[in-house]
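Student: Just to be clear, the model below is a prediction. Sequence and coordinates:
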Amino acid sequence: MDLAAFGDRLRKARLDKGLTQRQLAEPDYTHAYVSTIEAGKRQPSDAAIEYFAEKLGMAAIELRTGQPASLPGRLELELMEARLALAHGGQAEAREAYRKIEKTAKRFGLARIQSKAVLGQATCFEQAGDPESAVRLFEEAEKIGAGGSTVLRVDARVGRSRCLLNLGETSAAIYVLEAFLEMLEQEGLRDPVALMKTYATLVLPYIEFGLQDRAENAAAEALRLMPMVQDPQAIAIMEVNVARAYLFKDQFEECDAALIRAEDLFTQLDFETEVAIARLARGYSLISAGKLQEATDVLRAAEQIFKKNDATLDEGRVLNELGRIARLEGRDDDALNLLERARSVLAPHGTSELAITERELGELIGETDAAEAIGHFHRAIDLFRRAEQRLEIARTYRLLGDLHESKGRADEASAAYRLGILAVEPAL
């Protein structure tokens, strides 16, 4: 305890109450005892602090630390308000609110709230399309919250994993979560919320890395844990992630139902950006199921939210999918326009999303300009390789092989197919 600071605090509180040292001290203590404490020359006992606080009409923790008793509750409310601001596109407003909360929480030693505030800032950068800054803040939040809430620690880990995946570091995205599961096991922590979030987040990087069996097992484990979880936000995020496993197996109805449930939960929470993310995922699923008009409607609704909320990375993802629909419907000029817009938006962001744009462009112009299409496919393969997305590499090589075959280039087609098989062979 800082004796001088405590003494000053006690003196100020006494004077504000209009008490003399004697009046504060009696009957249990002497005015000399109070005088030496206020002078910073003596450390009060816990019993004395409780006694003085009661006479001063304040909480003992406020007298001991200077922290108002209402501060944790007030900061928690401010965290909720910042989260809602972020969900409605107020990234700058939310980031500034989180910074202020972090500063106050740090001053009063409220590590749990400080960690939450740093997590909030990380999420702001993630939604703004700056995963590098977000990763650093997720790491910082985990360090601040070390030894505290398991759920806070897992939120930092899953956020970091998401950003690493967006940066194209798929193996690292998997590692940070598998290492966290191992740590939970070693510490004997079987928190169902933490485990569900971890397994659900692992589904996508496993799929991208070509580890389909692991993806299915992770999805099954997340679903098994869901009945033990009461947090609607955690359940909604889990539904979005598990939907990816359904989609990979062409279980379109199950995928659509999971994403509708997620959208409903996000709507109840008033998390607008997350509603759009669920719609984006649903649009992709509907395209895969051949429901192009329904997919267009869902994606346009998501696009409006992303534009309003300045979520440029997600806006680029929507443009990719709308471009794919236009290509499938034979609207080549519209498809080209949408994909060129997507490329412009995505160029500063994730390599894997830009790879999808390049692949779509290759498919679009394959009939009219094979040489240029081949260039697009090779750029897509290079970007997918940087992102360690083995399955997408294989898919792109298959399309490249099909193009060569359609042009009568049997040897080139065979080489492309062989390279596609080699891309996923380590995961087989």
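Tutor: Thanks, I have it. Residues are numbered from 1 along each chain as shown.

Student: Average pLDDT for stretch 45-54, rounded please.
Tutor: In this model, stretch 45-54 carries a mean pLDDT of 88.

Student: Contacts for that stretch, please.
Tutor: Counting contacts by Cβ atoms under 8 Å, 6 or more residues apart in numbering, the residues outside stretch 45-54 that touch it are 10, 24, 28-29, 33-34, 37, 44, 59-60, 62-64. In this view, the C-beta of every residue, glycine as well, is placed from N, C-alpha and C.

Student: do stretch 139-155 as well
Tutor: With contacts defined as Cβ under 8 Å, 6+ apart, stretch 139-155 is touched by 111-112, 114-116, 118-119, 122, 156-157, 160, 180, 184, 189, 191, 193-194, 197-198.

Student: out of those, which are inside helices?
Tutor: Those of these mapping onto helices are 111-112, 114-116, 118-119, 122, 156-157, 160, 180, 184, 193-194, 197-198, per DSSP state H.

Student: Please produce a PyMOL select command covering the buried subset of these.
Tutor: Applying 16 or more other Cβ atoms under 10 Å to the ones in helices among the contacts of stretch 139-155 leaves a buried subset, and the PyMOL line that selects it is:
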select buried, resi 111+112+114+115+116+118+119+122+156+157+160+180+184+193+194+197+198
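
Student: what ranges do the helices span in the stretch 1-150 of the chain?
Tutor: If DSSP state H, counting those that start in this stretch is used as the criterion, the helices of the stretch 1-150 of the chain fall at 3-17, 21-25, 31-38, 46-56, 60-65, 71-87, 91-107, 111-127, 131-144, 150-166.

Student: So what's the gap between the shortest one and the chain middle?
Tutor: This points to helix 21-25. Offset of helix 21-25 from its chain centre (Cα atoms, centre = their mean, to the nearest Å): 54 Å.

Student: Quick check: buried residues in that helix?
Tutor: The neighbour-count check on helix 21-25 (16+ other Cβ under 10 Å) flags 21, 24-25 as buried.

Student: okay, that helix in PDB with CA atoms only?
Tutor: Once side chains and other backbone atoms are set aside, the C-alpha atoms of helix 21-25 remain, and they are given as PDB (Å, rounded to 0.1, in the frame of the first residue of the first chain):
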ATOM      1  CA  GLN A  21      -9.500  13.500  13.400                       C
ATOM      2  CA  ARG A  22     -11.000  12.800  16.900                       C
ATOM      3  CA  GLN A  23     -14.500  12.400  15.500                       C
ATOM      4  CA  LEU A  24     -13.300  10.000  12.900                       C
ATOM      5  CA  ALA A  25     -11.200   8.000  15.400                       C
END
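
Student: Give the rounded mean pLDDT of it.
Tutor: Taken as a whole, helix 21-25 has an average pLDDT of 88.

Student: any residues touching that helix, and which ones?
Tutor: 14, 31, 33-35, 38, 52, 55-56.

Student: Would you mind checking which of the helices of the stretch 1-150 of the chain scores lowest on average pLDDT?
Tutor: helix 60-65 (a mean of 78).

Student: Chain neighbours aside, what residue packs nearest to F252?
Tutor: Nearest-residue entry for F252: A289, 4.0 Å, with adjacent residues in sequence omitted and distances by Cβ to Cβ, 6 or more residues apart in numbering.
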